[in-house]
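*Asks:* here is the input, now give the coordinates:
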Amino acid sequence: MSSEGNTRIAVGTRDKIVQVIVLSANSQLEAVFSVRLDNTVPKSVAFADDKGVYRTCGKRGVFVVDNATDRFTLYRLVGDEEPVRAFVTAPPSISVPKQVTFGAKGRLVVGGSDNGLVYIFERKTGKLLETLHHSNAGLVQTIASFRLFMLF
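*Replies:* Next up is the predicted model:
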């Protein structure tokens, strides 16, 4: 992604690091963000239209990942590498990547599972608000949230 004469590059590595690097107009590299994830090898990293890192809550400067164990983990885009909060789920029966996203303007964290449930958490507290039953068993890997506007 390009901005103000600089190119930003997002990198996810096999040693569990997500990093954003700026390539300046004079070809100099500078790391502007880096975090080592606890138990997750990032599968993909992309930029959103608002120049944020995929699965971020841009106004709050945070992002959330599925750590492939029994939780989703919230991190800050700027600052130390320590997790801000964990959103605990049931332990998985198989280790597969699951999507997690923000909902309700960043107030909720919504994630999938391998047990047929969708988990909905309050972002500020980590409290489990609701589980949605999708099936008796099986993967819920694809998650999306949508802001619905009432026109009448």
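
*Asks:* low-confidence ranges in this structure?
*Replies:* 1-6, 39-40, 42-60, 80, 141-152 (pLDDT under 70).

*Asks:* centroid residue for it?
*Replies:* Val64 (3.0 Å; Cα atoms, centre = their mean).

*Asks:* next, that one: phi, psi?
*Replies:* Backbone torsions of Val64, given as degrees, to the nearest 10, read phi -130, psi 140.

*Asks:* so what's it bridging to?
*Replies:* Beta bridges link Val64 to Leu74 when assigned by DSSP bridges.

*Asks:* distance of it from Phe87?
*Replies:* Using Cβ to Cβ, to the nearest Å, one gets 8 Å for the distance from Val64 to Phe87. All C-beta spots, glycine's among them, are computed from the backbone N, C-alpha and C.

*Asks:* any common contacting residues for these two?
*Replies:* Counting by Cβ atoms under 8 Å, 6 or more residues apart in numbering, the shared contacts of Val64 and Phe87 are 72-74, 109, 111.

*Asks:* and of these, the nearest to Leu128?
*Replies:* Closest approach between the shared contacts of Val64 and Phe87 and Leu128, by Cβ to Cβ: Val109, at 9.9 Å.

*Asks:* mind listing what that closest one touches?
*Replies:* 64, 72, 74, 87, 100-103, 120-123.

*Asks:* list buried residues within the residues you listed.
*Replies:* Those of the contacts of Val109 that meet the buried threshold are 64, 72, 74, 87, 100-103, 120-121, 123, by 16 or more other Cβ atoms under 10 Å.

*Asks:* Leu117 is in contact with Leu132, correct?
*Replies:* Yes. Leu132 lies in contact with Leu117 (Cβ atoms under 8 Å); the separation is 6.7 Å.

*Asks:* have a look at those two and say which one is more surrounded.
*Replies:* Between Leu132 and Leu117, counted using other Cβ atoms under 10 Å, the more crowded position is Leu117 (19 against 11).

*Asks:* in what helix or strand does Val11 lie?
*Replies:* strand 6-12 (DSSP states H and E).

*Asks:* could you identify the helix or strand that succeeds that strand?
*Replies:* Criterion used, DSSP H and E; the element after strand 6-12 is strand 17-23.

*Asks:* so which bits of whichever helix or strand comes after that following strand are buried?
*Replies:* Sequence order places strand 29-36 as the next helix or strand after strand 17-23, per DSSP H and E. Within strand 29-36, the residues that qualify as buried by neighbour count (16+ other Cβ under 10 Å) are 33, 35.

*Asks:* alright, calling it a day.
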